[in-house]
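# got a sequence here, can you model it:
(one chain, ligands or ions: 1)
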Amino acid sequence: MNNPINASVTRRGFLAVGTGVLATAVLASCTPAPPRYLTATSSPVRKAETARGGTGRVTRVELTAAPTELDLAGTTASTWSFGAVPAPTIRLSAGDTLHATIHNRLPTDTSVHWHGVALRDDMDGVPGLTQKPIASGEDFDYEFVAANPGTYWFHPHVGPQLDRGLYGALIVDDPHEPLSYDDEWVVILDDWLDGVTGTPDQVLKELSGGMGGMMSGGGGHMMMGARSELLGGDAGDVAYPYFLVNGRPAADPETFSSASGKRVRIRFINAGGDTAFRVGLGGHRLTVTHSDGFPVTPVDTDAILIGMGERYDAIVTLADGVFPLVAAAEGKGAAAFALVRTASGQAPRTTASIPELTRSVLTADKLTADPSVILRKRPVDRELTATLSGSMMAYDWAINGHRFDPSNPLAGALGVKQGERVRLRIVNTTQMWHPFHLHGHTYQHAGPGPRKDTSIVLPGRSLTVEFDADNPGRWAAHCHNIYHAEAGMMTVLGYQTA
Ligand SMILES: [Cu+2]
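Okay, here's the model as predicted:
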(Lines give C-alpha, C1' and ligand atoms only; values in the text may rest on other atoms or scores of the structure.)
Protein backbone atom coordinates (compact mmCIF):
# COMPACT_ATOMS: atom_id res chain seq x y z
CA MET A 1 0.00 0.00 0.00
CA ASN A 2 1.16 3.48 -0.76
CA ASN A 3 1.47 5.43 2.46
CA PRO A 4 1.26 9.21 1.88
CA ILE A 5 3.29 9.97 5.00
CA ASN A 6 6.17 7.70 3.96
CA ALA A 7 5.92 9.03 0.43
CA SER A 8 6.36 12.60 1.59
CA VAL A 9 9.25 11.59 3.88
CA THR A 10 10.95 9.82 1.00
CA ARG A 11 10.37 12.81 -1.23
CA ARG A 12 11.80 15.21 1.35
CA GLY A 13 14.75 12.88 1.89
CA PHE A 14 15.33 12.78 -1.82
CA LEU A 15 15.31 16.55 -2.06
CA ALA A 16 17.72 16.78 0.89
CA VAL A 17 20.39 14.23 -0.06
CA GLY A 18 19.98 13.65 -3.75
CA THR A 19 19.99 10.59 -5.98
CA GLY A 20 21.53 8.13 -3.53
CA VAL A 21 18.32 7.93 -1.54
CA LEU A 22 16.19 7.60 -4.65
CA ALA A 23 18.33 4.67 -5.79
CA THR A 24 17.91 3.00 -2.40
CA ALA A 25 14.15 3.60 -2.39
CA VAL A 26 13.75 2.11 -5.88
CA LEU A 27 15.86 -0.89 -4.93
CA ALA A 28 13.83 -1.45 -1.76
CA SER A 29 10.58 -1.48 -3.71
CA CYS A 30 11.91 -3.97 -6.29
CA THR A 31 13.66 -6.43 -3.98
CA PRO A 32 11.25 -8.89 -2.36
CA ALA A 33 11.45 -9.36 1.39
CA PRO A 34 14.10 -11.93 2.25
CA PRO A 35 12.51 -15.36 2.73
CA ARG A 36 11.71 -16.19 6.32
CA TYR A 37 10.94 -19.85 5.76
CA LEU A 38 12.67 -22.64 7.68
CA THR A 39 16.30 -23.49 7.10
CA ALA A 40 17.44 -27.06 6.47
CA THR A 41 19.13 -27.27 9.86
CA SER A 42 16.19 -25.95 11.92
CA SER A 43 14.76 -27.93 14.83
CA PRO A 44 11.48 -28.90 13.03
CA VAL A 45 13.64 -30.72 10.44
CA ARG A 46 15.43 -32.65 13.20
CA LYS A 47 12.10 -33.34 14.99
CA ALA A 48 10.53 -34.73 11.79
CA GLU A 49 13.50 -37.08 11.38
CA THR A 50 13.21 -38.26 14.99
CA ALA A 51 9.47 -38.85 14.43
CA ARG A 52 10.30 -41.13 11.49
CA GLY A 53 11.84 -43.49 14.02
CA GLY A 54 13.18 -46.32 11.94
CA THR A 55 14.70 -49.69 12.60
CA GLY A 56 18.07 -48.40 13.72
CA ARG A 57 19.74 -50.61 11.12
CA VAL A 58 22.30 -48.69 9.05
CA THR A 59 23.37 -49.41 5.48
CA ARG A 60 26.75 -47.84 4.73
CA VAL A 61 27.93 -47.05 1.22
CA GLU A 62 30.79 -45.02 -0.23
CA LEU A 63 30.49 -43.26 -3.55
CA THR A 64 33.44 -41.65 -5.28
CA ALA A 65 32.51 -39.15 -7.97
CA ALA A 66 35.44 -38.99 -10.40
CA PRO A 67 36.38 -38.64 -14.07
CA THR A 68 36.16 -41.99 -15.80
CA GLU A 69 35.71 -43.62 -19.19
CA LEU A 70 32.65 -45.40 -20.51
CA ASP A 71 32.90 -47.96 -23.31
CA LEU A 72 29.99 -47.48 -25.70
CA ALA A 73 30.39 -50.52 -27.95
CA GLY A 74 33.89 -49.48 -28.98
CA THR A 75 33.52 -45.72 -28.63
CA THR A 76 35.20 -44.44 -25.49
CA ALA A 77 33.40 -41.59 -23.75
CA SER A 78 35.21 -39.49 -21.16
CA THR A 79 32.71 -38.79 -18.43
CA TRP A 80 32.12 -38.43 -14.70
CA SER A 81 30.63 -41.28 -12.69
CA PHE A 82 30.44 -42.93 -9.28
CA GLY A 83 32.88 -45.61 -10.56
CA ALA A 84 30.46 -47.25 -13.01
CA VAL A 85 27.51 -46.17 -15.17
CA PRO A 86 25.08 -46.60 -13.56
CA ALA A 87 26.50 -46.66 -10.04
CA PRO A 88 25.96 -49.95 -8.17
CA THR A 89 22.37 -50.12 -6.91
CA ILE A 90 21.93 -49.09 -3.28
CA ARG A 91 19.43 -51.28 -1.39
CA LEU A 92 18.00 -51.02 2.05
CA SER A 93 14.82 -51.96 3.85
CA ALA A 94 12.11 -49.41 4.68
CA GLY A 95 12.87 -47.74 8.00
CA ASP A 96 16.58 -48.38 7.71
CA THR A 97 19.12 -45.58 7.72
CA LEU A 98 21.31 -44.91 4.71
CA HIS A 99 24.75 -43.58 5.53
CA ALA A 100 26.44 -42.61 2.27
CA THR A 101 29.89 -41.07 2.23
CA ILE A 102 30.54 -39.10 -0.95
CA HIS A 103 34.14 -38.48 -2.04
CA ASN A 104 34.23 -35.67 -4.55
CA ARG A 105 37.17 -36.29 -6.87
CA LEU A 106 35.66 -34.22 -9.70
CA PRO A 107 37.34 -30.98 -10.75
CA THR A 108 34.31 -29.06 -9.48
CA ASP A 109 31.55 -28.92 -6.81
CA THR A 110 28.95 -31.65 -6.58
CA SER A 111 26.16 -33.02 -4.35
CA VAL A 112 23.83 -36.02 -4.22
CA HIS A 113 20.04 -35.73 -4.32
CA TRP A 114 18.02 -38.82 -3.31
CA HIS A 115 15.22 -38.42 -5.82
CA GLY A 116 11.74 -39.17 -4.50
CA VAL A 117 12.72 -39.97 -0.93
CA ALA A 118 10.77 -38.04 1.73
CA LEU A 119 13.88 -37.55 3.82
CA ARG A 120 15.26 -34.98 6.24
CA ASP A 121 15.69 -31.71 4.42
CA ASP A 122 19.36 -31.18 5.25
CA MET A 123 20.18 -34.46 3.43
CA ASP A 124 18.29 -33.59 0.22
CA GLY A 125 21.43 -32.56 -1.63
CA VAL A 126 20.47 -29.18 -3.10
CA PRO A 127 23.35 -26.69 -2.71
CA GLY A 128 22.15 -23.20 -1.89
CA LEU A 129 18.99 -24.56 -0.26
CA THR A 130 19.84 -27.55 1.93
CA GLN A 131 23.65 -27.72 2.13
CA LYS A 132 26.89 -26.22 0.93
CA PRO A 133 28.15 -27.84 -2.27
CA ILE A 134 30.71 -30.62 -1.77
CA ALA A 135 33.87 -28.93 -3.04
CA SER A 136 36.40 -30.69 -5.24
CA GLY A 137 38.56 -32.93 -3.06
CA GLU A 138 36.10 -32.85 -0.14
CA ASP A 139 33.94 -35.59 1.37
CA PHE A 140 30.37 -35.40 2.68
CA ASP A 141 28.27 -37.82 4.73
CA TYR A 142 24.58 -38.18 3.93
CA GLU A 143 22.59 -39.91 6.65
CA PHE A 144 18.82 -40.32 6.69
CA VAL A 145 15.99 -42.73 7.41
CA ALA A 146 14.31 -44.05 4.25
CA ALA A 147 10.79 -44.46 5.60
CA ASN A 148 8.87 -45.47 2.47
CA PRO A 149 9.56 -48.53 0.32
CA GLY A 150 9.93 -48.00 -3.41
CA THR A 151 12.03 -47.39 -6.50
CA TYR A 152 14.12 -44.25 -6.14
CA TRP A 153 17.37 -43.01 -7.62
CA PHE A 154 20.19 -40.61 -6.91
CA HIS A 155 22.03 -37.97 -8.91
CA PRO A 156 23.84 -34.66 -8.32
CA HIS A 157 21.92 -31.40 -8.02
CA VAL A 158 24.70 -29.19 -9.39
CA GLY A 159 24.52 -27.80 -12.92
CA PRO A 160 23.67 -30.37 -15.61
CA GLN A 161 25.83 -33.06 -13.90
CA LEU A 162 23.01 -35.61 -13.96
CA ASP A 163 23.38 -35.70 -17.76
CA ARG A 164 26.80 -37.26 -17.24
CA GLY A 165 27.20 -40.73 -15.70
CA LEU A 166 26.60 -39.68 -12.08
CA TYR A 167 23.47 -41.67 -11.24
CA GLY A 168 22.24 -44.93 -9.78
CA ALA A 169 19.19 -46.71 -8.39
CA LEU A 170 18.15 -46.54 -4.74
CA ILE A 171 15.79 -49.42 -3.92
CA VAL A 172 13.95 -49.40 -0.61
CA ASP A 173 12.51 -52.86 0.00
CA ASP A 174 9.20 -53.40 1.74
CA PRO A 175 9.72 -55.82 4.66
CA HIS A 176 6.06 -56.81 4.15
CA GLU A 177 6.18 -56.89 0.34
CA PRO A 178 2.70 -57.88 -0.84
CA LEU A 179 3.76 -58.75 -4.41
CA SER A 180 5.18 -62.15 -5.22
CA TYR A 181 7.73 -62.53 -7.98
CA ASP A 182 10.73 -64.72 -8.79
CA ASP A 183 13.21 -62.19 -10.04
CA GLU A 184 13.82 -58.46 -10.13
CA TRP A 185 15.58 -56.24 -12.67
CA VAL A 186 16.49 -52.58 -12.49
CA VAL A 187 16.28 -50.92 -15.92
CA ILE A 188 17.80 -47.43 -15.99
CA LEU A 189 17.15 -45.53 -19.21
CA ASP A 190 19.40 -42.68 -20.26
CA ASP A 191 20.16 -40.35 -23.13
CA TRP A 192 23.90 -39.95 -23.68
CA LEU A 193 26.21 -37.43 -25.30
CA ASP A 194 28.84 -36.71 -22.62
CA GLY A 195 32.36 -37.22 -23.94
CA VAL A 196 31.05 -38.13 -27.40
CA THR A 197 29.66 -34.99 -29.03
CA GLY A 198 30.38 -32.58 -26.17
CA THR A 199 29.57 -32.11 -22.51
CA PRO A 200 26.30 -31.21 -20.78
CA ASP A 201 27.85 -27.86 -19.80
CA GLN A 202 28.42 -27.06 -23.49
CA VAL A 203 24.86 -28.09 -24.29
CA LEU A 204 23.47 -25.83 -21.58
CA LYS A 205 25.54 -22.94 -22.89
CA GLU A 206 24.33 -23.51 -26.46
CA LEU A 207 20.69 -23.82 -25.46
CA SER A 208 20.91 -20.78 -23.20
CA GLY A 209 22.01 -18.78 -26.22
CA GLY A 210 18.55 -19.54 -27.62
CA MET A 211 17.83 -19.17 -31.30
CA GLY A 212 20.55 -16.53 -31.58
CA GLY A 213 23.16 -18.99 -30.37
CA MET A 214 22.05 -21.58 -32.87
CA MET A 215 22.07 -19.15 -35.79
CA SER A 216 25.62 -18.14 -34.96
CA GLY A 217 26.74 -21.75 -35.29
CA GLY A 218 26.63 -22.83 -31.66
CA GLY A 219 23.65 -25.11 -31.99
CA GLY A 220 25.32 -28.46 -32.63
CA HIS A 221 23.36 -30.20 -29.89
CA MET A 222 20.04 -28.49 -30.40
CA MET A 223 17.31 -30.73 -31.75
CA MET A 224 14.53 -29.25 -33.84
CA GLY A 225 11.45 -31.16 -34.86
CA ALA A 226 11.32 -33.86 -32.18
CA ARG A 227 7.55 -34.41 -32.13
CA SER A 228 5.32 -36.63 -30.02
CA GLU A 229 1.55 -36.78 -29.99
CA LEU A 230 1.63 -38.30 -26.51
CA LEU A 231 3.68 -35.36 -25.24
CA GLY A 232 1.48 -32.81 -26.97
CA GLY A 233 3.98 -31.63 -29.59
CA ASP A 234 7.63 -30.77 -29.09
CA ALA A 235 9.29 -33.82 -27.49
CA GLY A 236 12.74 -32.48 -26.62
CA ASP A 237 15.50 -29.92 -27.20
CA VAL A 238 18.69 -31.99 -27.27
CA ALA A 239 20.14 -34.37 -29.87
CA TYR A 240 21.85 -37.42 -28.33
CA PRO A 241 24.01 -39.91 -30.25
CA TYR A 242 23.23 -42.76 -27.80
CA PHE A 243 20.36 -44.08 -25.73
CA LEU A 244 21.33 -46.52 -22.99
CA VAL A 245 19.91 -49.27 -20.82
CA ASN A 246 22.03 -49.62 -17.68
CA GLY A 247 24.90 -47.74 -19.29
CA ARG A 248 24.99 -49.87 -22.45
CA PRO A 249 24.13 -48.92 -26.03
CA ALA A 250 22.07 -51.05 -28.42
CA ALA A 251 25.19 -52.36 -30.15
CA ASP A 252 26.41 -53.94 -26.90
CA PRO A 253 23.17 -54.56 -25.08
CA GLU A 254 22.47 -55.44 -21.49
CA THR A 255 21.10 -58.99 -21.31
CA PHE A 256 18.62 -60.01 -18.62
CA SER A 257 18.48 -63.80 -18.21
CA SER A 258 15.75 -65.80 -16.54
CA ALA A 259 13.52 -68.77 -17.31
CA SER A 260 10.25 -69.17 -19.13
CA GLY A 261 7.23 -68.83 -16.83
CA LYS A 262 9.06 -66.75 -14.22
CA ARG A 263 7.43 -63.63 -12.85
CA VAL A 264 9.83 -60.70 -12.92
CA ARG A 265 9.47 -57.28 -11.30
CA ILE A 266 11.05 -54.66 -13.55
CA ARG A 267 11.90 -51.31 -11.98
CA PHE A 268 12.13 -48.71 -14.76
CA ILE A 269 13.93 -45.44 -14.02
CA ASN A 270 14.30 -42.58 -16.52
CA ALA A 271 17.67 -40.96 -15.74
CA GLY A 272 17.67 -38.96 -18.97
CA GLY A 273 18.38 -35.27 -19.25
CA ASP A 274 15.96 -34.37 -22.05
CA THR A 275 14.28 -37.58 -23.27
CA ALA A 276 11.02 -39.32 -22.44
CA PHE A 277 11.11 -43.06 -23.14
CA ARG A 278 8.31 -45.27 -24.42
CA VAL A 279 9.27 -48.72 -23.18
CA GLY A 280 7.93 -52.19 -23.90
CA LEU A 281 9.05 -55.83 -24.00
CA GLY A 282 8.54 -57.64 -27.30
CA GLY A 283 5.98 -60.45 -27.04
CA HIS A 284 4.84 -59.47 -23.54
CA ARG A 285 2.36 -57.35 -21.70
CA LEU A 286 3.38 -55.45 -18.58
CA THR A 287 1.36 -55.19 -15.38
CA VAL A 288 2.17 -51.80 -13.87
CA THR A 289 2.18 -52.00 -10.06
CA HIS A 290 3.97 -48.83 -8.88
CA SER A 291 4.61 -45.30 -10.02
CA ASP A 292 7.40 -43.24 -8.41
CA GLY A 293 7.79 -45.90 -5.72
CA PHE A 294 4.15 -45.94 -4.57
CA PRO A 295 1.67 -48.75 -5.36
CA VAL A 296 -1.16 -48.28 -7.84
CA THR A 297 -4.15 -50.43 -8.72
CA PRO A 298 -2.43 -52.82 -11.15
CA VAL A 299 -2.99 -52.04 -14.84
CA ASP A 300 -2.06 -54.18 -17.85
CA THR A 301 -0.45 -52.37 -20.76
CA ASP A 302 1.78 -52.95 -23.78
CA ALA A 303 4.08 -50.00 -23.15
CA ILE A 304 4.75 -47.20 -20.65
CA LEU A 305 5.67 -43.56 -21.29
CA ILE A 306 8.28 -42.44 -18.75
CA GLY A 307 9.36 -38.81 -18.36
CA MET A 308 12.72 -37.76 -16.91
CA GLY A 309 12.84 -38.53 -13.20
CA GLU A 310 9.77 -40.82 -13.24
CA ARG A 311 9.86 -44.46 -12.19
CA TYR A 312 7.47 -47.32 -12.95
CA ASP A 313 7.48 -50.87 -11.60
CA ALA A 314 5.88 -53.60 -13.69
CA ILE A 315 5.45 -57.35 -13.35
CA VAL A 316 5.89 -59.55 -16.41
CA THR A 317 5.50 -63.30 -16.86
CA LEU A 318 8.24 -64.40 -19.19
CA ALA A 319 7.66 -66.41 -22.36
CA ASP A 320 10.13 -68.85 -23.91
CA GLY A 321 12.78 -67.32 -26.16
CA VAL A 322 14.90 -64.19 -26.65
CA PHE A 323 13.05 -60.88 -26.62
CA PRO A 324 13.90 -57.23 -27.32
CA LEU A 325 13.33 -54.71 -24.53
CA VAL A 326 12.93 -51.46 -26.46
CA ALA A 327 12.80 -47.97 -24.97
CA ALA A 328 12.04 -45.58 -27.81
CA ALA A 329 13.39 -42.08 -27.26
CA GLU A 330 10.00 -40.40 -27.62
CA GLY A 331 9.89 -38.28 -30.77
CA LYS A 332 13.61 -38.62 -31.43
CA GLY A 333 13.66 -41.49 -33.93
CA ALA A 334 16.02 -43.74 -31.94
CA ALA A 335 15.81 -46.20 -29.07
CA ALA A 336 17.58 -47.79 -26.15
CA PHE A 337 17.67 -51.57 -26.38
CA ALA A 338 18.31 -54.60 -24.16
CA LEU A 339 17.72 -58.34 -24.40
CA VAL A 340 15.59 -60.62 -22.28
CA ARG A 341 16.63 -64.25 -22.62
CA THR A 342 14.86 -67.33 -21.27
CA ALA A 343 16.15 -69.79 -23.90
CA SER A 344 19.12 -70.25 -26.20
CA GLY A 345 18.63 -68.97 -29.71
CA GLN A 346 19.29 -66.10 -32.02
CA ALA A 347 19.08 -62.61 -30.50
CA PRO A 348 16.72 -60.20 -32.25
CA ARG A 349 18.40 -57.40 -34.18
CA THR A 350 19.21 -54.32 -32.15
CA THR A 351 17.05 -52.29 -34.49
CA ALA A 352 14.03 -54.51 -33.80
CA SER A 353 10.89 -52.45 -33.60
CA ILE A 354 8.19 -54.03 -31.49
CA PRO A 355 4.43 -53.69 -32.05
CA GLU A 356 3.91 -53.20 -28.28
CA LEU A 357 5.10 -49.58 -28.56
CA THR A 358 2.19 -48.64 -30.82
CA ARG A 359 -0.53 -50.49 -28.90
CA SER A 360 -1.69 -49.34 -25.45
CA VAL A 361 0.76 -46.87 -23.93
CA LEU A 362 0.26 -46.19 -20.24
CA THR A 363 0.56 -42.67 -18.88
CA ALA A 364 0.16 -41.59 -15.26
CA ASP A 365 -3.31 -40.11 -15.82
CA LYS A 366 -4.66 -43.65 -16.32
CA LEU A 367 -3.54 -44.76 -12.85
CA THR A 368 -5.30 -44.91 -9.48
CA ALA A 369 -3.46 -44.99 -6.18
CA ASP A 370 -3.57 -48.26 -4.28
CA PRO A 371 -6.02 -47.87 -1.33
CA SER A 372 -3.11 -48.29 1.11
CA VAL A 373 -1.53 -45.01 -0.03
CA ILE A 374 -4.55 -42.83 -0.90
CA LEU A 375 -4.30 -39.53 0.99
CA ARG A 376 -6.91 -39.25 3.75
CA LYS A 377 -9.80 -36.98 2.66
CA ARG A 378 -9.64 -33.59 4.38
CA PRO A 379 -10.23 -29.94 3.53
CA VAL A 380 -7.54 -28.09 1.64
CA ASP A 381 -5.82 -25.45 3.80
CA ARG A 382 -3.77 -23.76 1.14
CA GLU A 383 -3.84 -23.50 -2.64
CA LEU A 384 -0.66 -22.87 -4.57
CA THR A 385 -0.01 -22.35 -8.24
CA ALA A 386 3.17 -23.05 -10.15
CA THR A 387 2.91 -21.43 -13.57
CA LEU A 388 5.51 -22.76 -15.98
CA SER A 389 6.58 -20.31 -18.65
CA GLY A 390 9.25 -19.81 -21.27
CA SER A 391 10.19 -20.93 -24.75
CA MET A 392 12.91 -22.85 -26.49
CA MET A 393 13.66 -19.82 -28.66
CA ALA A 394 14.52 -17.54 -25.75
CA TYR A 395 15.43 -20.35 -23.36
CA ASP A 396 13.85 -18.30 -20.59
CA TRP A 397 12.21 -21.16 -18.65
CA ALA A 398 10.73 -19.94 -15.37
CA ILE A 399 8.15 -20.61 -12.64
CA ASN A 400 5.66 -17.93 -11.57
CA GLY A 401 7.50 -15.38 -13.68
CA HIS A 402 10.88 -15.90 -12.05
CA ARG A 403 13.97 -17.75 -13.04
CA PHE A 404 15.18 -19.72 -10.00
CA ASP A 405 15.44 -17.35 -7.06
CA PRO A 406 15.12 -18.65 -3.47
CA SER A 407 13.69 -15.27 -2.44
CA ASN A 408 10.65 -15.88 -4.68
CA PRO A 409 9.32 -19.13 -3.23
CA LEU A 410 6.16 -21.00 -4.21
CA ALA A 411 4.16 -20.21 -1.06
CA GLY A 412 5.36 -16.64 -0.52
CA ALA A 413 8.12 -15.48 1.79
CA LEU A 414 6.55 -17.21 4.82
CA GLY A 415 5.95 -20.62 3.27
CA VAL A 416 3.39 -23.32 4.04
CA LYS A 417 2.53 -24.26 7.61
CA GLN A 418 3.51 -27.69 8.81
CA GLY A 419 0.43 -29.94 8.93
CA GLU A 420 -1.50 -28.21 6.18
CA ARG A 421 -3.16 -29.99 3.29
CA VAL A 422 -1.85 -28.21 0.22
CA ARG A 423 -3.37 -28.19 -3.25
CA LEU A 424 -0.84 -27.38 -5.95
CA ARG A 425 -1.90 -26.49 -9.46
CA ILE A 426 0.88 -26.79 -12.02
CA VAL A 427 -0.05 -24.71 -15.05
CA ASN A 428 1.95 -25.21 -18.23
CA THR A 429 1.64 -22.07 -20.37
CA THR A 430 4.48 -23.15 -22.67
CA GLN A 431 4.41 -25.03 -25.96
CA MET A 432 6.38 -27.92 -24.54
CA TRP A 433 5.79 -30.66 -21.95
CA HIS A 434 7.62 -30.55 -18.60
CA PRO A 435 8.24 -33.31 -16.04
CA PHE A 436 7.55 -31.39 -12.81
CA HIS A 437 9.30 -32.70 -9.68
CA LEU A 438 8.67 -31.77 -6.04
CA HIS A 439 11.34 -32.72 -3.52
CA GLY A 440 10.62 -34.25 -0.11
CA HIS A 441 6.95 -35.17 -0.71
CA THR A 442 4.87 -37.65 -2.67
CA TYR A 443 1.75 -35.80 -3.76
CA GLN A 444 -1.40 -37.33 -5.17
CA HIS A 445 -2.92 -36.59 -8.57
CA ALA A 446 -6.57 -35.52 -8.30
CA GLY A 447 -8.93 -38.39 -8.73
CA PRO A 448 -7.63 -40.13 -6.53
CA GLY A 449 -4.87 -40.61 -9.03
CA PRO A 450 -1.44 -42.04 -8.32
CA ARG A 451 0.95 -40.86 -5.64
CA LYS A 452 3.93 -39.35 -7.44
CA ASP A 453 6.85 -36.97 -7.07
CA THR A 454 7.48 -36.34 -10.79
CA SER A 455 4.67 -35.77 -13.28
CA ILE A 456 4.42 -34.99 -16.96
CA VAL A 457 2.53 -31.73 -17.54
CA LEU A 458 1.51 -31.35 -21.18
CA PRO A 459 1.75 -28.05 -23.10
CA GLY A 460 -1.20 -25.74 -22.50
CA ARG A 461 -2.55 -28.02 -19.77
CA SER A 462 -2.53 -28.03 -16.00
CA LEU A 463 -2.21 -30.70 -13.36
CA THR A 464 -3.69 -30.49 -9.86
CA VAL A 465 -2.10 -32.43 -7.04
CA GLU A 466 -2.51 -32.49 -3.26
CA PHE A 467 -0.04 -33.27 -0.52
CA ASP A 468 0.29 -33.01 3.23
CA ALA A 469 2.93 -30.53 4.34
CA ASP A 470 4.45 -33.06 6.70
CA ASN A 471 8.15 -32.72 5.94
CA PRO A 472 9.44 -29.33 7.14
CA GLY A 473 12.34 -27.60 5.47
CA ARG A 474 13.00 -25.89 2.16
CA TRP A 475 12.38 -28.00 -0.90
CA ALA A 476 13.27 -27.56 -4.54
CA ALA A 477 10.44 -27.89 -7.06
CA HIS A 478 11.45 -27.88 -10.70
CA CYS A 479 11.24 -29.23 -14.19
CA HIS A 480 13.25 -32.45 -14.49
CA ASN A 481 14.42 -31.57 -17.96
CA ILE A 482 17.87 -30.73 -16.59
CA TYR A 483 18.42 -27.97 -19.16
CA HIS A 484 15.08 -26.33 -18.37
CA ALA A 485 15.82 -26.56 -14.63
CA GLU A 486 19.29 -25.07 -15.01
CA ALA A 487 17.97 -22.31 -17.26
CA GLY A 488 15.62 -21.30 -14.43
CA MET A 489 12.52 -23.53 -14.30
CA MET A 490 12.96 -24.15 -10.60
CA THR A 491 11.46 -22.75 -7.39
CA VAL A 492 11.31 -23.41 -3.66
CA LEU A 493 8.60 -24.74 -1.37
CA GLY A 494 9.32 -23.22 2.06
CA TYR A 495 7.80 -24.01 5.46
CA GLN A 496 6.90 -21.40 8.06
CA THR A 497 9.20 -21.03 11.01
CA ALA A 498 6.47 -21.39 13.62
CU1 LIG B 1 10.79 -28.37 -18.63
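# list phi and psi for the closest residue to residue 390 other than its chain neighbours.
Closest residue to residue 390 apart from its sequence neighbours, by C-beta to C-beta, 6 or more residues apart in numbering: residue 397 at 3.7 Å. No exception for glycine: its C-beta is placed from N, CA and C like everyone else's. When quoted as degrees, to the nearest 10, the phi and psi of residue 397 stand at phi -60, psi 140.
# distance check, residue 397 against the ion.
Going from residue 397 to the ion by C-beta to the ion, to the nearest Å gives 6 Å.
# so that residue versus residue 208, what's the distance?
Distance, residue 397 to residue 208, using C-beta to C-beta, to the nearest Å: 10 Å.
# now do the strands in the stretch 1-150 of the chain.
Along the stretch 1-150 of the chain, counting by DSSP state E, counting those that start in this stretch, strands occupy 58-72, 75-81, 87-93, 97-104, 113-115, 139-145, 150-155.
# to residue 199, which of the ones you listed lies closest?
strand 75-81 (8.7 Å; C-beta to C-beta).
# will you turn the strands of the stretch 1-150 of the chain into a markdown table that also has mean neighbour count, distance to the ion and mean pLDDT?
Shown next, in a markdown table, are these (neighbours: other C-beta atoms under 10 Å; distance: least, C-beta to the ion, whole Å; pLDDT from 0 to 100):
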| stretch | mean neighbour count | distance to the ion | mean pLDDT |
| --- | --- | --- | --- |
| strand 58-72 | 17 | 25 | 98 |
| strand 75-81 | 18 | 23 | 98 |
| strand 87-93 | 18 | 25 | 98 |
| strand 97-104 | 19 | 27 | 98 |
| strand 113-115 | 25 | 16 | 98 |
| strand 139-145 | 18 | 27 | 98 |
| strand 150-155 | 25 | 16 | 98 |
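# which one of these lies closest to residue 250?
Closest among the strands of the stretch 1-150 of the chain, once you apply C-beta to C-beta, is strand 58-72, at 10.0 Å.
# the closest one vs strand 75-81, what angle?
With axes from the mean of the first three to the mean of the last three C-alpha atoms, to 10 degrees as the basis, strand 58-72 and strand 75-81 are set at 150 degrees to each other.
# need the residues that contact strand 58-72.
Under the contact criterion C-beta atoms under 8 Å, 6 or more residues apart in numbering, strand 58-72 has outside partners 76-83, 85, 87, 90-92, 96-107, 110, 112, 156, 165-166, 192, 195-196, 242, 244, 247-249, 252.
# which stretches of the stretch 151-300 of the chain form strands?
168-173, 183-192, 227-228, 233-234, 242-245, 254-257, 263-270, 277-281, 286-291, 294-301.
# out of these, deepest packed?
Looking across these with neighbours counted as mean count of other C-beta atoms under 10 Å, the highest average goes to strand 277-281: a mean of 26.
# residues in contact with it: which ones?
Contacts for strand 277-281 (C-beta under 8 Å, 6+ apart): 187, 189, 230, 243, 266, 268, 270, 286, 302-306, 316, 323-330, 336, 340, 354, 356-357, 361.
# and the residue nearest to residue 227 when sequence neighbours are not counted, how far is that from the ion?
The shortest distance from residue 227 to any non-neighbouring residue, by C-beta to C-beta, 6+ apart, is to residue 331 (5.2 Å). Separation of residue 331 from the ion (C-beta to the ion): 14 Å.
# residue 331 against residue 233, yeah?
No. Residue 331 lies out of contact with residue 233 (C-beta atoms under 8 Å); the separation is 9.0 Å.
# what sits in contact with each of those two?
With C-beta under 8 Å, 6+ apart, residue 331 and residue 233 have common neighbours residue 227.
# any common contacting residues for residue 397 and residue 208?
residue 487.
# just want to know which of those two has more residues nearby.
residue 397 (28 against 17; other C-beta atoms under 10 Å).
# so who does the more buried one touch?
Counting by C-beta under 8 Å, 6+ apart, residue 397 has contacts 388-390, 403, 430, 479, 484-485, 487-489.
# quick check: the gap between the nearest residue to residue 180 once chain neighbours are set aside and the ion.
Nearest residue to residue 180, sequence neighbours excluded (C-beta to C-beta, 6+ apart): residue 263, at 7.2 Å. Going from residue 263 to the ion by C-beta to the ion gives 36 Å.
# so residue 460 makes contact with residue 428?
Yes. Residue 460 lies in contact with residue 428 (C-beta under 8 Å); the separation is 6.5 Å.
# neighbour-wise, which of these two wins?
Shown here are residue 460 and residue 428; by other C-beta under 10 Å, residue 428 has more neighbours (23 against 14).
# and that one, how far from the ion?
Counting by C-beta to the ion - residue 428 and the ion are separated by 9 Å.
# got the domain ranges for the chain?
Listed domain ranges for the chain are 45-177, 185-367, 372-494 (source: automatic domain parsing).
# and the helices in the protein?
4-17, 19-30, 43-52, 200-208, 210-213, 482-487 (DSSP state H).
# out of these, which gets the lowest mean score?
Taking each of those in turn, the one with the lowest mean pLDDT is helix 4-17, at a mean of 31.
# just give me the neighbour total for whatever residue of the stretch 51-200 of the chain ends up closest to the ion.
Proximity to the ion, evaluated over the stretch 51-200 of the chain using C-beta to the ion, is greatest for residue 160 at 13.0 Å. By the measure other C-beta under 10 Å, the count of residues near residue 160 is 23.
# what count of nearby residues applies to the closest residue to it other than its chain neighbours?
In this structure, residue 160 finds its nearest non-sequential neighbour in residue 200, 3.7 Å apart by C-beta to C-beta, 6+ apart. By the criterion of other C-beta under 10 Å, residue 200 has 24 neighbours.
# returning to that earlier point: tell me who's in contact with the residue nearest to residue 227.
Listed by C-beta under 8 Å, 6+ apart, the contact partners of residue 331 are 226-228, 231, 234-236, 276.
# again, 6 Å this time
Going by C-beta atoms under 6 Å, 6 or more residues apart in numbering, residue 331 touches 226-228, 235.
# and what of residue 310?
Residue 310 sits next to 270, 454 when contact means C-beta under 6 Å, 6+ apart.
# distance of the residue of the stretch 301-450 of the chain found nearest the ion relative to residue 232?
With C-beta to the ion, the shortest gap between the stretch 301-450 of the chain and the ion falls at residue 434, namely 3.3 Å. Taking C-beta to C-beta as the measure, residue 434 falls 11 Å from residue 232.
# and stretch 286-306, how far out from the chain's middle?
Centroid separation between stretch 286-306 and its chain, computed with C-alpha atoms, centre = their mean, to the nearest Å, is 18 Å.
# what's the per-residue pLDDT of the nearest residue to residue 477 once chain neighbours are set aside here?
Excluding its sequence neighbours, the residue lying closest to residue 477 (C-beta to C-beta, 6+ apart) is residue 438, at 4.7 Å. At residue 438, the pLDDT value in this model is 98.
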